[in-house]
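A.B. asks: Build me a model:
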Amino acid sequence: MKRLLAFPDPVNEAAARTVALGVVTMCVLALATGWAWLLGALLYGFAARVLTGPTLSPLGQFATRVAAPRLSRLTRFSPGPPKRFAQGMGLAVTLAATLTWLLAGWPVARWLLVPLLVAASLEAFAGYCVGCAMFRWLMRLGVIPASVCDACADLSAHYRRLGAGAD
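C.D. replies: Predicted coordinates for the structure are as follows:
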């Protein structure tokens, strides 16, 4: 059971960006067609990835088993805890959109997909993880203890991987 509920650490960035592209695709489809039922697929996907990483997520399985190996020349790795936090943020937004759809209807709920679409687009197309940035900000404020992510607490290694100075 512990293995089932494990989240990868580190996370392959190519896989993370592929998952984000899938989220972008589902958000665009839902917004363009009015297919509110796609909220169910988004909700399941985020919940599965928060709980088990890619293990129970069809999109996560595709990203790790099919897409990421084919993008191996682009492979970089990031710490797992911020990525799990980002998936949790996606889950919260999708849950809010789903509850809003059920209680107030699609015309109101659809607007809650816009921030999700923006954040997933930044990850998919620019490699910028909004949830990861918020995670690091919360660490700096002391809300999240440094022990949760040693790699995040010491950003000098992250900057070395990116080829930038650690100053």
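
A.B. asks: Now do the strands in the protein.
C.D. replies: Ranges of strands in the chain, per DSSP state E, are 11-12, 77-78.

A.B. asks: out of those strands, nearest to Pro69?
C.D. replies: Judged by C-beta to C-beta, the one of the strands of the chain that comes nearest to Pro69 is strand 11-12, at 9.3 Å. Every C-beta, even on glycine, is put in place using the N, C-alpha and C of the backbone.

A.B. asks: for this structure, what's the longest helix?
C.D. replies: Secondary structure of the chain per DSSP state H: the longest helix is helix 80-104.

A.B. asks: average model confidence for it?
C.D. replies: Average pLDDT, helix 80-104: 97.

A.B. asks: same question, stretch 68-75
C.D. replies: 79.

A.B. asks: Just give me how far stretch 110-123 sits from the chain centre.
C.D. replies: Relative to the centre of its chain, stretch 110-123 is centred 11 Å away, using C-alpha atoms, centre = their mean, to the nearest Å.

A.B. asks: tell me which residues in it are buried?
C.D. replies: Neighbour-count burial for stretch 110-123 flags 110, 112-113, 116-117, 119-123 (criterion: 16 or more other C-beta atoms under 10 Å).

A.B. asks: Which one of these is nearest to Ala67?
C.D. replies: For the buried residues of stretch 110-123, the nearest to Ala67 is Glu123 (14.0 Å; C-beta to C-beta).

A.B. asks: Do I have it right that that closest one meets Leu116?
C.D. replies: No. Using C-beta atoms under 8 Å, Glu123 makes no contact with Leu116, being 10.8 Å away.
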